[in-house]
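Asks: missing the sequence, but the structure's below:
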């Protein structure tokens, strides 16, 4: 079975809700990442994405050195578990129109993040494996079940 834990990103950039938007933007820029998860202790309480910076800060002329994470973070979060099926996660992302899901353990503690990029890489790998197997004359994988 294809599980979230197999493709999720385990190293997540976190911040607290009092962190300035300026520092968060610099963090994202310096690490070349598209989001920061806001936590209270080990539990995720919000997320700040590149879209939040553009739509909530720049478009509204908010001062990034004054505003804090709690002022613009998207909350509440939609989270999944590491043992959830990848296709279930994809459905949630697609239905909700979101590009990132926080991954939490049974206690609600942050263990990773599943991004749209993680999903694209997974589906591209599946497609490549199917094409290679089809060229060899032995189609395998979920694509082999179609048509």
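Replies: All right, it came through fine. Computed from a prediction, not measured in an experiment: that's the story for all the values here.
Asks: which stretches in this protein count as helices?
Replies: Counting by DSSP state H, the chain has helices at residues 4-7, 21-31, 50-52, 69-72, 86-96, 116-135.
Asks: worst average pLDDT in the ones you listed?
Replies: The weakest mean pLDDT among those belongs to helix 116-135, with a mean of 84.
Asks: ok, back up a step: which one of the helices of the chain lies nearest to residue 41?
Replies: Between residue 41 and the helices of the chain, the shortest separation by Cβ to Cβ is 14.8 Å, and it involves helix 69-72. (C-beta placed from N, C-alpha, C; glycine too.)
Asks: that closest one packs against which elements?
Replies: Using 3 or more Cβ pairs under 8 Å, 6 or more residues apart in numbering; DSSP states H and E, the elements in contact with helix 69-72 are helix 21-31, strand 35-40, strand 43-49.
Asks: can I get the ones you listed in JSON lines including distance to residue 102 and mean neighbour count?
Replies: As requested, the helices and strands packed on helix 69-72 are exported to JSON lines (distance: least, Cβ to Cβ, whole Å; neighbours: other Cβ atoms under 10 Å):
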{"stretch": "helix 21-31", "distance to residue 102": "16", "mean neighbour count": "16"}
{"stretch": "strand 35-40", "distance to residue 102": "6", "mean neighbour count": "20"}
{"stretch": "strand 43-49", "distance to residue 102": "5", "mean neighbour count": "22"}
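Asks: need the ones you listed in a markdown table (columns: distance to residue 95).
Replies: Formatted as a markdown table, the helices and strands packed on helix 69-72 follow (distance: least, Cβ to Cβ, whole Å):
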| stretch | distance to residue 95 |
| --- | --- |
| helix 21-31 | 26 |
| strand 35-40 | 20 |
| strand 43-49 | 18 |
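Asks: dump the helices of the chain to a markdown table, plus distance to residue 108.
Replies: Below are these laid out as a markdown table (distance: least, Cβ to Cβ, whole Å):
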| stretch | distance to residue 108 |
| --- | --- |
| helix 4-7 | 16 |
| helix 21-31 | 22 |
| helix 50-52 | 22 |
| helix 69-72 | 19 |
| helix 86-96 | 17 |
| helix 116-135 | 21 |
